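Participant: I'd like to go over a predicted model; first the sequence, then the structure.
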Amino acid sequence: MSDLHKNLIDGAWVDGDAAPNVNPSDVSDIVGHYARASADQTRTAIGAARAAFADWSRSSPLVRHGILRRASDEILARKDELGRLLSREEGKTLAEGVGEVTRAAQIFDFFAGEALRLAGEILPSVRPGVGVEITREAVGVVGIITPWNFPIAIPAWKLAPALCYGNTVVFKPADLVPGSAWALVDILNRAGLQKGVLNLVMGRGSVVGQTMADSPDIDALTFTGSQGTGAALALASARHMRKSQMEMGGKNPFVVLADADLSIAADCVVNGAFFSTGQRCTASSRIIVDKAVYSGFVDLLAERIQGLRIGHALRDDTQIGPVVDESQLSQNESYIAKGKAEGARLVTGGDRLNRDTEGFFQSPALFADCTNDMVIAREEIFGPVAAVIPVDGYDEALAVANDTPFGLSAGIATTSLKHATDFRRNAEAGMVMINLPTAGVDFHVPFGGRKASSFGPANRDAMPPNFSPRSRPLTRSPNAGQCKGPTP
Ligand code: ADP
């Protein structure tokens with residue numbers, strides 16, 4: 001097959017069963033064929049990463065800086081082409097695709113700098129004549145498992161820090177969107193990585209991901225995806241005493257108070273709930289609105305939503321692309337049916353749409369008159385569906401916002417400093433936005449949630465330099481051996 005994109009294992013491009021990568025805006029458009037790695041190939045990749053670790057972890061920071069720098073430059077230079085590839089395979093609009101690729105370049109740029117900034121600490125010991133040095137060292141082989149909704153930014157977010165600090169990597173992208181991941185690995189490989197430092201194993205979670213989870217040779221695992229898979233991977237990691245980091249779902253609240261600028265609030269809701277087709281873990285899915293402005297605000301939202309242009313991701317005038325595939329679209333539909341059955345009022349949307357091409361188009365759905373105990377207000381839908389919940393004043397809004405098993409992002413629209421300050425402090429979420437959409441975060445600051453949304457260290461250093469600062473005696477004075485105190 002001429003367009004077969006292979007896996008990178010121990011520095012060689014290796015064949016595997018070919019799977020088509022289908023464009024969700026037009027199912028007749030095959031983006032390319034991508035090899036699925038077997039369990040054996042995955043084990044070989046893990047072994048290669050283990051073998052490459054000693055040299056890579058001791059390489060000069062300048063070498064690592066140069067590779068990340070060159071990768072960033074190439075990604076940026078090719079942002080239009082790569083953005084188009086991303087939009088073709090995932091379905092977000094071209095503007096969103098190019099924006100995501102630019103973000104990936106910025107992440108590599110940031111970590112190229114960080115490679116030269118790694119520092120330690122020197123402390124006086126409590127024992128006389130002894131010094132203490134604290135250093136951060138690479139943890140070993142890092143397994144990276146990524147979801148389909150950010151095909152290049154999430155891989156970049158995990159790959160750049162892992163490589164920056166001298167870890168070797170086995171990387172498994174989502175089976176649905178291997179194209180951007182393949183292009184990224186190709187760029188990094190050509191930027192000068194030695195064989196085995198970065199291994200790409202595309203394919204199924206149940207085969208490739210499971211083999212990684214079961215391997216005692218993966219020292220740290222970083223995952224973004226669904227809550228169920230994240231919980232299973234955390235358990236598998238615990239069995240191996242492996243350091244792990246899980247970024248999972250959200251059911252993010254956006255509160256609209258009576259004193260809000262309603263136009264800003266509507267912008268935040270439309271962006272947060274429906275851009276990227278609602279397929280973001282930070283999407284706003286519960287819109288909690290003070291009864292004093294409730295009915296006017298629901299009308300305003302309906303008007304804005306009905307004006308959105310839904311269509312082929314690559315068309316210039318499209319604002320909302322398709323849902324990623326048939327199975328996600330039917331899942332969205334089943335939640336819409338549940339919402340109706342529970343007595344929520346479907347104000348607008350929720351229909352399958354026909355366009356010139358055969359794709360998975362759906363009109364953004366807004367439910368009103370919801371209660372926070374409805375299934376559509378509790379479970380993550382991961383599509384363009386939002387539930388509006390009326391409340392009486394700030395205190396009830398905060399209580400409803402926090403009444404969820406998740407805690408990734410939370411937002412509020414208000415002109416009150418008192419309420420903004422209180423919400424920032426008391427919203428049970430990793431990230432709190434004021435007069436901003438719940439989705440949209442900087443790359444150089446921590447990213448992570450509370451409760452069922454996240455487990456392990458936050459994502460600023462998606463894979464931190466290491467998880468275990470090490471302290472050891474730095475100097476010994478001639479009489480150090482006479483110290484009788486407890487020794488570590
Ligand atoms: P979603 O596909 O909804 O983003 P998933 O949790 O199913 O969420 O998938 C996220 C990533 O986890 C994907 O790369 C997927 O292939 C992988 N994955 C799925 N099941 C497993 C598993 N049992 N073990 C390891 N990885 C898995």
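Facilitator: Great, that's in hand.

Participant: can you give me the buried ones in stretch 244-259?
Facilitator: If you call a residue buried by 16 or more other CB atoms under 10 Å, then stretch 244-259 has these buried ones: 244-258. Heads up, the C-betas are built off the backbone N, CA and C, glycines and all.

Participant: how close does the residue nearest to residue 11 when sequence neighbours are not counted sit to residue 186?
Facilitator: Using CB to CB, 6 or more residues apart in numbering and skipping residues adjacent in sequence, the residue nearest residue 11 is residue 195, 2.5 Å away. Residue 195 sits 14 Å away from residue 186, taking CB to CB, to the nearest Å as the criterion.

Participant: cool, and residue 362?
Facilitator: Taking CB to CB, one finds residue 362 at 33 Å from residue 186.

Participant: and this structure, which residues reach the ligand?
Facilitator: 145-148, 172, 174-175, 205-206, 209-210, 213, 225-226, 229, 232-233 (CB under 6 Å from any ligand atom).

Participant: out of these, which are inside helices?
Facilitator: Counting by DSSP state H, the members of the residues of the chain next to the ligand that fall within helices are 210, 213, 229, 232, 233.

Participant: next, the residue lying closest to the second one once chain neighbours are set aside: secondary structure please.
Facilitator: It refers to residue 213. Nearest non-adjacent residue to residue 213, counting by CB to CB, 6+ apart: residue 236, 4.0 Å away. Look at residue 236: counting by DSSP: H, G, I helix; E, B strand; the rest coil, its state is helix.

Participant: one more: residue 42?
Facilitator: Here residue 42 is recorded as helix under three-state DSSP.

Participant: just checking, it touches residue 206?
Facilitator: No - assessed by CB atoms under 8 Å, residue 42 is found out of contact with residue 206, at 11.8 Å.

Participant: what about the longest helix in the chain?
Facilitator: Determined from DSSP H, the single longest helix within the chain is helix 94-115.

Participant: just give the nearest non-adjacent residue to the residue most central in space within the chain, would you?
Facilitator: Most central in the chain under CA atoms, centre = their mean is residue 154, positioned 4.8 Å from the mean C-alpha point. If you skip the residues right next to it in sequence, residue 154 has residue 146 as its closest partner in space, 4.8 Å away by CB to CB, 6+ apart.

Participant: does the one you found touch residue 173 like I think?
Facilitator: Yes - counting by CB under 8 Å, a contact exists between residue 146 and residue 173, whose distance comes to 5.2 Å.

Participant: shared neighbours, the two?
Facilitator: Any residue near both residue 146 and residue 173 by CB atoms under 8 Å, 6 or more residues apart in numbering counts here, and that gives 155, 181.

Participant: all helices of this protein, in order?
Facilitator: 39-57, 61-77, 79-90, 94-115, 153-164, 178-190, 210-214, 227-239, 262-274, 294-306, 326-341, 375-378, 393-402, 417-426.

Participant: figure out which of these is closest to residue 287.
Facilitator: Comparison of the helices of the chain against residue 287 by CB to CB identifies helix 262-274 as nearest, at 5.6 Å.
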